[in-house]
Structures are given as structure tokens and as C-alpha cells.
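# Below is the structure, and that's it, no one-letter string:
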């Protein structure tokens, strides 16, 4: 380690007798050194650029015209050594063919500070003439003007230009052949006329080339598309940007209409705006698109009808909805739908609308399936295919078996043909297919002749198949309901007979089960239980004391209080009733309601001592109705206690013995004027 004295001595020896340098002096020296270093680096960089440039470069004294430097590329280009170029004036060196012109150029350069020659002739040391691009600029360097001449050999460029010209001619020939032989129409439009077109244009539009160029182009466009095409052409030539690809129709010389698609761009043709157009025939594509759109619309309609019918189960609602949908699609001055019964060979009317009036088809007689080749509906049912009748009268004569139904539903002879001006002129009949078999016929009629197309037949056939499922389901539902009604009527009779048998054993409580049932149903409706649950409660109410058949009749009519043993015997009737009813397949839990109607919320009831939620709501309702009816009615062992006593009992036992919501509903009924003697409503069994 050096001492402080050693450091001072060293500093003194380095800085000389002048003493230590100041900080500012030292900083300036450092900065100057850095600047010199940057200058050397810059000079080296630009020297390398000068020496490696792929253009020839001369540097001249701007005052004398003496060449101060020349780069290697130019020496190689001209074939001269450095000493024969450097140090001489520009116009003195051998390469310049026109030395007087070179001197004049130097004088002009001194004045204008810039000069350029596109094709300056120079001569190499070997005597070869070359064409160069000569560009000179004057600029200051270190306070003195310097001239830099950049010299570029354009021989390769000239050769490339010549080759390009040859290639262009070949390309023009090639592309002319392409244009002439193209299958796509190619033409130039200017001022509303065709100024150039290939043979495919004439072939596609269907007119000769001479005719196409002689007349305005819009003459060959469909009248409905002319304004659109002309306006877009004019807008494009004005510099606007209308759609560059669009379709329209052209009319051929033979009158045929073809769809074309045009792709157009703005160009200049002989100095004026024009459009270059490529046109293809898209008739087949448009027809395919139209077919797809037709099928899509058909599917949308079928889906809509399917959704509309899917929400319906009533047959008449289904048929009216179907009629409403069909008449939005085709003529339907008459609309008829019939059902075919394969087992009997009969055709029955399900729905009929004639001139907007719905007919009562229940009066229409069934029609037999007509022989082969006869009868319009019969032919549809036999073939399973649509039948279009463009001329109704001719169809009648051909089919022979045609029925006319009078307003009273009976068959009537058809009116004379000369009296049928406002009658059916055409018709379309389609089968309603279900699992591959016709189950009916949908028929529409029009007061116009030939009103239906093949597309109408396809659409209506699709709708008919959708309708067949809904109609069949509705018919099954109706048949099921009729069968269920018959079963319920039989069940109702049985229930009433059992209830009457029970009450005949106890004449003092005659009508008790009906009155309890009436009150229980009223409470259930007040609580908004729903129609099905109320019906189940009604049946359970009518049968709730059926178990008393096992109790001796003398106990039921005993005029005194029962002994504990006797009461124990009476308490068996819910279980007995359950045992009697549990084997019957009711659509409601009737046996369980009967078993629980003497249970109480606190578990003090019988026969099982159930509590709270373990007791069904229907049993809770029946319990309240049973208590009220018993208290307001006479018994062999006591007189009637009255409504007030009965309601007081409910209020006192609400929440402990009786369900509070059921008690609340019962009280509301009586406060609203309910009377215990109100007649029992008719059973809702049918």
C-alpha cells in the first residue's frame, strides 16, 4: 500500500511543475479524447462504406474539378489504375468520351450543386462503351465544398428492361389466349357500354359480340335489375365504393333468364375510368339456393306446427290450429280432415270447414273405401301418396265416386255443373301417415282452378304427417277418457252402495258420511289442494266409516255413553275400514286416509297414535270435518251441541289436536256463511 506522500509525489511527477490539474481541465481533456476516438470510428466506418460500395464513387474538389479520390468499384468498372484517375480533372480522364460536355457539366454542377444523367456514355480502358447513370451532388465538408459523383452501370438494367419487354409481349400473348379461351365472361365497361369482351361474354349473355358492343349494356339486363347495375357502375367510375361482387339477371336473345355473378374493379381504359369485370353463370347455384330456402321454410313451418300441436291434447283444438296454419300457406276455401278405420274399411269425418264455416261432422255418415281407381280419398288411402286435382269437375268425372253432403249431414246429389261457378275448382289431398300406414286424409280445396303446385303437395304432406301423430294421440286420449269415465261411473256406484250400507246399520247417523264429505271437500278447496286431491278426499269421506260394519249395531245406536270396553271396540273401525279398502286399486290413498282420520297431532288419536307430519293432510281435514259434523248433529245419547260449540272445540284444539291451517280454513268457511246442511255436490267422476 502506498503512503500519502508517495501519492503526492506521483501526482506531481505526472502533472509536471505546473502542479496538479484542476477537475475542469481533466474533464475537458477526457472529452477531447472521447471526441477524437468517435471521429476516428466515424472516419473508419465511412471509409469502409466508400471502399465496399457497389456503385462507382468519385470525390472532386468543387473549385477545381480535380479528382481527390476514387473507390475500387469504379476502378474495376472502368479498368483504369488509381493513378490515372486521382489527381486529374474530371474532363481530363480517359473514360469521358465527350470531354467538352464533361467540362460544361462541371460548370453547371458548380452553379446548380446537382446534376443527373440517365444514359451517360463512358469508355473503359479496354475501349468498351458502357451506359451509366451519373448523379452528382455538392456538399460542404470542413468548411469547403466537395463534389460526390455516383456512377452506376445500367447495362444490366437495360438488358433487364429489354428482357422485360420481350416477356411482356409474351405475357400479353399468353394472357390474351387465357382471356379469349376463358369459360368466365371477361369484359371492360365504360360509359355504360362494353368496350372489350371475350367470347365467353357473348356466349353467356346469349348475344353476338357486335350486338353487345353496339348497344348499352343494360339492354341485356333483366328490367328489375337494370337500375341497380347501372347505378353501381356509375358510382364505381366516380371513385365511390359500391359492392364489388354482386348478382343480377341477364336476358338472353331467346328470352331465357340466367343468373350471373359479377366481380368488378375500377381501371383506366384509354385514359378514362372504366371497370374490369369477371362474370360467371350462377343459375344452377341460385336454383340450389332457392331449393334450400324452400326446404328450410318448409321445415320452419313444420317445426312451428309441431310446436303448436305439441302443446295441445284436445282434438278440436288440434284440428282448428292445423286449419289456421294451413290456410296461411295454401288456398283453403275448403278444409277437410278424415279418419280411416282399417278394421272396418270406413272413412269418418273429423273436421270440415267450407267457405269459412265450420261444419258439424257428427252428422256426416261414414264413407266406405271406394273400389280401386275410384274415389279421391280412397285413392290417397290406397296409394299413400298425395293427389292433386287441378280441375275438380274433371276429377269428379274421372273418379266417379264423389259424395256431396247436404247441410243436414245427409248425402245429396251434386248440383249441375253449370250451377257451380262459386264451387270448388281444384283440390289437393294428402295422406296422414302413421308408422308407414295411412290413418286419414287431409284435403284442401280452392275456388281457383289449378291452385296447387308440387311444392304445395310436399309441404302439405309433411304437415299431415306431423298432424297424424297429434290427431292419433288426441283420439287415444278421448278413448281413454271415455273408458275411464265408464270405470269411474261403476266405481262411484260401488262407493255409494257401500256408504249407504254402512249408514243403514246406524239410522241415527244417516247422512253423516255425506255431510262430513261435503265439509271436508269445502275445506280442501279453501286450502287450494287441487282437483285430484279433493276428489280423493271425497271418496275417502264417503267411505271413512265403512269399518263400522264390524261394530255391533246396538253399540252404534246405544242411547247412553259407551263403556271403555265398548269404546275400544268402536275404535277398531278405522283399522277395519283400512283392511277392507287396501285391496282396492284407487287412484288416491283412500285406505290410508280412512285409517288416519281419528289420529291427532299430539299422538292422542287412534288406532296408531300418529303425530303431526306422520298424518296425511287429507286425514287431518277429514278429522276436523268429522268432529264438526258430529257435534252439530243429534246422537242417540245427546242432542246436537250446535255450530258455536263445534267451532269453539276447533279453536281450543288447534295446534294440539287439530292442524291449525285446516282449522283456519274451516272457521273461514263458517264465518262466510257455510251451512252444514248444504246438499252434497255431484261426484266429479266422469
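Here it is on my side, so go on. Since the structure is predicted, the reported quantities are computational estimates derived from the model, not experimental observations.
# Residue 149: how many residues sit nearby?
For residue 149, the neighbour count with other CB atoms under 10 Å is 22. Heads up, the C-betas are built off the backbone N, CA and C, glycines and all.
# What sits closest to it if chain neighbours are left out?
Excluding the flanking residues, the one nearest residue 149 by CB to CB, 6 or more residues apart in numbering is residue 58, at 4.1 Å.
# List the buried residues in the helix or strand encompassing the one you found.
Using DSSP states H and E, residue 58 falls within strand 56-61. Neighbour counts using 16 or more other CB atoms under 10 Å place 56-60 of strand 56-61 among the buried residues.
# between those residues, which is closest to residue 387?
residue 56 (95.8 Å; CB to CB).
# So the residue nearest to that closest one when sequence neighbours are not counted, which state does it fall into?
Computed as CB to CB, 6+ apart, the closest residue to residue 56 that is not its neighbour in sequence is residue 74, at 3.0 Å. Under DSSP: H, G, I helix; E, B strand; the rest coil, residue 74 falls in the helix class.
# For the residue nearest to residue 149, which residues are in contact?
Applying CB atoms under 8 Å, 6 or more residues apart in numbering to residue 58 gives the contacts 67, 69-70, 74, 85, 90, 147-149, 151.
# Can you give the contact residues for stretch 193-210?
With CB under 8 Å, 6+ apart as the contact definition, stretch 193-210 has outside contacts at 179-180, 182-189, 212-213, 215-217, 220, 250, 252-254, 256, 258, 260, 269, 274, 279, 281.
# Look at residue 294 and say how many residues are nearby.
13.
# Toward the C-terminus, what is the element adjacent to the least confident helix or strand in the chain by mean pLDDT?
Least confident helix or strand, the chain: helix 4-15 with a mean of 39, by mean pLDDT, DSSP states H and E. Next in sequence after helix 4-15, counting helices and strands by DSSP H and E, comes helix 23-52.
# quick one, that following helix and strand 56-61 angle?
130 degrees (axes from the mean of the first three to the mean of the last three CA atoms, to 10 degrees).
# What are the buried residues along helix 23-52?
Across helix 23-52, burial judged by 16+ other CB under 10 Å covers residue 50.
# And residue 161, its phi and psi?
Main-chain dihedrals, residue 161, degrees, to the nearest 10: phi -60, psi -40.
# Kindly provide the distance from it to residue 365.
Between residue 161 and residue 365 the distance is 100 Å, computed by CB to CB, to the nearest Å.
# Would you map the helices across the stretch 551-686 of the chain?
Along the stretch 551-686 of the chain, counting by DSSP state H, counting those that start in this stretch, helices occupy 553-556, 564-570, 573-581, 590-596, 617-632, 643-653, 660-671.
# can you tell me the average pLDDT over the fourth one?
I take that to be helix 590-596. Averaged across helix 590-596, the pLDDT comes to 93.
# what's that helix in contact with?
By CB under 8 Å, 6+ apart, helix 590-596 touches 536-537, 539-540, 543-544, 546-547, 574-575, 577-578, 581-582, 584, 607-608, 610, 615-616, 618-619, 622.
# So which residues of the stretch 301-450 of the chain form helices?
Using DSSP H, counting those that start in this stretch, the helices found in the stretch 301-450 of the chain span residues 315-326, 376-383, 392-399.
# How far off centre is the last one?
The chain centroid and the centroid of helix 392-399 are separated by 46 Å, computed with CA atoms, centre = their mean, to the nearest Å.
# How about that helix, which residues are buried there?
392-393, 395-396, 399.
# Tell me what angle it forms with helix 376-383.
60 degrees.
# so how far is residue 307 from the residue nearest to the spatial centre of the chain?
Geometric centre of the chain, nearest residue: residue 300, 11.4 Å, by CA atoms, centre = their mean. Counting by CB to CB, the gap from residue 300 to residue 307 is 11 Å.
# Equivalent analysis for residue 275, please.
49 Å.
# again, but for residue 208
According to CB to CB, residue 208 and residue 307 sit 56 Å apart.
# Residue 460 now?
Applying CB to CB to residue 460 and residue 307 gives a distance of 18 Å.
# ok, now residue 463?
Counting by CB to CB, the gap from residue 463 to residue 307 is 13 Å.
# With residue 442 instead?
Residue 442 is 19 Å from residue 307, by CB to CB.
# So what sits opposite the residue nearest to residue 149 in the bridge?
For residue 58, the beta-bridge partners are residue 70, residue 149 (DSSP bridges).
# quick revisit: pick the one among the buried residues of strand 56-61 closest to residue 513.
The closest of the buried residues of strand 56-61 to residue 513 turns out to be residue 57 (CB to CB; 128.1 Å).
# Tell me how the chain divides into domains.
4-45, 53-158, 182-281, 301-474, 505-671 (automatic domain parsing).
# could I get these as JSON lines with distance to residue 287?
JSON lines is the format used below for these (distance: least, CB to CB, whole Å):
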{"stretch": "domain 4-45", "distance to residue 287": "72"}
{"stretch": "domain 53-158", "distance to residue 287": "56"}
{"stretch": "domain 182-281", "distance to residue 287": "8"}
{"stretch": "domain 301-474", "distance to residue 287": "13"}
{"stretch": "domain 505-671", "distance to residue 287": "57"}
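# Quickly, which of these bottoms out on average pLDDT?
When these are ranked by mean pLDDT, domain 4-45 comes last with a mean of 59.
# got a list of what residue 654 touches?
660, 663-664.
# higher neighbour count, residue 442 and residue 307?
residue 442 (29 against 9).
# residues contacting that one?
Contacts here follow CB under 8 Å, 6+ apart; on that basis residue 442 touches 322, 326, 336-337, 429-430, 432, 460, 463-464, 467.
# Among the residues you listed, which one sits closest to residue 523?
Ranked by distance to residue 523 (CB to CB), the contacts of residue 442 are led by residue 322 at 43.7 Å.
# still on that earlier bit, state the phi and psi torsions of the residue nearest to the centre of the chain.
When quoted as degrees, to the nearest 10, the phi and psi of residue 300 stand at phi -60, psi -40.
# For residue 293, see how far away it is.
According to CB to CB, residue 300 stands 10 Å off from residue 293.
# and for these two, which residues touch both?
With CB under 8 Å, 6+ apart, residue 300 and residue 293 have no common neighbours.
# thought residue 130 was touching residue 120?
No. Using CB atoms under 8 Å as the test, residue 130 is too far from residue 120 to be in contact (9.4 Å).
# if you count what's nearby, which of those two comes out ahead?
Of the pair residue 130 and residue 120, residue 120 is the one with more neighbours under other CB under 10 Å, namely 21 against 16.
# Name the helix or strand for that one, please.
Residue-wise, residue 120 maps onto strand 114-123 under DSSP H and E.
# State the next helix or strand along the chain beyond that strand.
Later in the chain than strand 114-123, the nearest helix or strand by DSSP H and E is strand 129-141.
# in stretch 142-150, what's buried?
146-150.
# The spatially closest residue to residue 379 that is not a sequence neighbour pairs with what?
Closest residue to residue 379 apart from its sequence neighbours, by CB to CB, 6+ apart: residue 387 at 5.8 Å. Legend: beta-bridge partners of residue 387 under DSSP bridges are residue 429.
# Leaving out the residues flanking it, which one is nearest to residue 122?
residue 95 (4.4 Å).
# count of neighbours near that neighbour?
Per other CB under 10 Å, the neighbour tally for residue 95 reads 23.
# ok now do it, which residues does it touch?
Residues near residue 95 by CB under 8 Å, 6+ apart: 78, 80, 122-124.
# name the helices or strands packed onto the host helix or strand of residue 110?
Residue 110 is part of helix 99-112, with elements assigned from DSSP H and E. Under the contact definition 3 or more CB pairs under 8 Å, 6 or more residues apart in numbering; DSSP states H and E, helix 99-112 sits against strand 114-123, strand 129-141.
# buried residues in it?
Buried residues in helix 99-112 (16+ other CB under 10 Å): 102-103, 105-106, 109.
# Between those, which sits nearest residue 45?
Among these, residue 109 lies closest to residue 45 (CB to CB), at 27.0 Å.
# Name all residues that make contact with that closest one.
Neighbours of residue 109 in contact, by CB under 8 Å, 6+ apart: 115, 136, 138, 147.
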